[in-house]
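Q: I'll drop the sequence and a predicted model, then ask my questions.
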Amino acid sequence: MSTASPQDQHVAALYSAHHNWLRAWLRKKLGCSHHAADLVQDTFERVLRTQANAQAEILREPRAYLVTVASRLVANHYRRRTLEDAWLAALSQMPEPVSPSPEEQLLILHTLNEIDALLNALPHKVRTAFLLSQLEGLGYAEIGERLGVTVRTVKRYMAQAFEECLMSLE
């Protein structure tokens, strides 16, 4: 007798029915069977978490759903890869004595990925205001002009961004 929940059984059936198809789709999209295999597992892990949290019904269009989830993971994969490439390019420009150790490099890359995820979770205007302030050093009035909002709104955006940053530290 199975003790798995109905949601777990549904995801297991979904996995059995569509795993090979999704892996082939991802392999074609990524051009790498290893990355495809990793993203298939990530996709089904996300589906399992979503199904458990939402008490979801059986999917009417499972392949469309799996492609949507997998496509988001592919986008995250490429964004991480772009960030890693930029980091490696910056690292290659450093003189060897100043270059961080492999352990430090991994920690820095992990931190960059966390910052990227945090910024991408912010609403577009909040993220833009935060980046204009922190990276370009613009004042709130200048940011407001660029975004077409009031200074008060910029202050609200900044408060929201700082709050998210502080919450991520916990």
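A: Everything's here; your move.

Q: Can you spell out which helices and strands pack onto the helix or strand encompassing residue 115?
A: For residue 115, the element it lies in under DSSP states H and E is helix 102-121. Helix 102-121 sits against helix 62-92, helix 124-134, helix 151-169, with contacts defined as 3 or more Cβ pairs under 8 Å, 6 or more residues apart in numbering; DSSP states H and E. For the C-beta atoms, the positions are set from N, CA and C on the backbone; glycine is no exception.

Q: buried stuff in it?
A: Within helix 102-121, the residues scored as buried using 16 or more other Cβ atoms under 10 Å are 109, 113.

Q: how near is residue 63 to residue 35?
A: Plainly put, residue 63 is 20 Å away from residue 35 if you go by Cβ to Cβ, to the nearest Å.

Q: Could you list the low-pLDDT ranges of this protein?
A: By pLDDT under 70, the low-scoring segments of the chain are 1-4, 52-59, 170.

Q: Show me the domain layout of it.
A: For the chain, automatic domain parsing gives the domain ranges 1-101, 122-170.

Q: need these in CSV with mean neighbour count, can you?
A: Listed next are the domains of the chain as CSV, based on neighbours: other Cβ atoms under 10 Å:
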stretch, mean neighbour count
domain 1-101, 14
domain 122-170, 15
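
Q: got those as TSV, with distance to residue 116 columns?
A: What follows is these, written out as TSV (distance: least, Cβ to Cβ, whole Å):
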stretch	distance to residue 116
domain 1-101	6
domain 122-170	11
